[in-house]
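A.B. asks: I would like the atomic coordinates for the input below:
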Amino acid sequence: MTSSIEALLAKARESIAAAQLLIKDGYFDFAASRAYYAMFYAASALLANFRLSYNSHSAVISAFGREFAKTGKLDSKYHRWLIDAQDLRNIGDYGVGSQVPKEYAETACEWAVQFISAAEVLLQRRK
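C.D. replies: Numbering: from 1, shown residues only. This next block holds a predicted model:
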């Protein structure tokens, strides 16, 4: 595994840790955003392992679906979670007058933990 992939996984782990702290303090919008970024960094690490790199969130999400969900390398639920988490992030970061409910932020964090774990397992198998 390259140092850039390791760095992306470290950012994913830090993001989920931050999300969990934000939930404890009642910052659900920002927790959902950090949970999304945890998944985004893990997805980017997986793509980087195949020497694929993208400049936009939508390109990463699309490539993740194409390379991992559609091929069966990972369960397609991870792609769905990534899409849904981005939607929550958009509400949390850009929504005026709307907020991410606590339950949704907690769910996004659960998804992120599982997403990172699945990414780490797949990357270990590809060594």
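
A.B. asks: helices along this protein, start to end?
C.D. replies: Listed in chain order, the helices found in the chain under DSSP state H are 3-24, 28-49, 57-64, 77-94, 102-125.

A.B. asks: what sits up against the last one?
C.D. replies: By CB atoms under 8 Å, 6 or more residues apart in numbering, the list of residues contacting helix 102-125 from outside reads 1, 5, 9, 12-13, 15-16, 19-20, 22-23, 26, 28-29, 31-32, 35-36, 38-39, 42-43, 45-46, 49, 68, 73-75, 78, 81-82, 84-85, 88, 92, 100. (Glycine included, C-beta is placed from N, CA and C.)

A.B. asks: mind running it again at 7 Å?
C.D. replies: 1, 5, 9, 12-13, 16, 19-20, 23, 28, 31-32, 35-36, 38-39, 42, 45-46, 49, 73-74, 78, 81, 85, 88 (CB atoms under 7 Å, 6 or more residues apart in numbering).

A.B. asks: ok, His57 - contacts?
C.D. replies: Each residue near His57 by CB under 7 Å, 6+ apart is listed here: Phe40, Gln86.

A.B. asks: ok, and for stretch 4-19, which residues are buried?
C.D. replies: Within stretch 4-19, the residues that qualify as buried by neighbour count (16 or more other CB atoms under 10 Å) are Ile5, Leu8, Leu9, Lys11, Ala12, Arg13, Ser15, Ile16, Ala18, Ala19.

A.B. asks: many thanks, have a good one.
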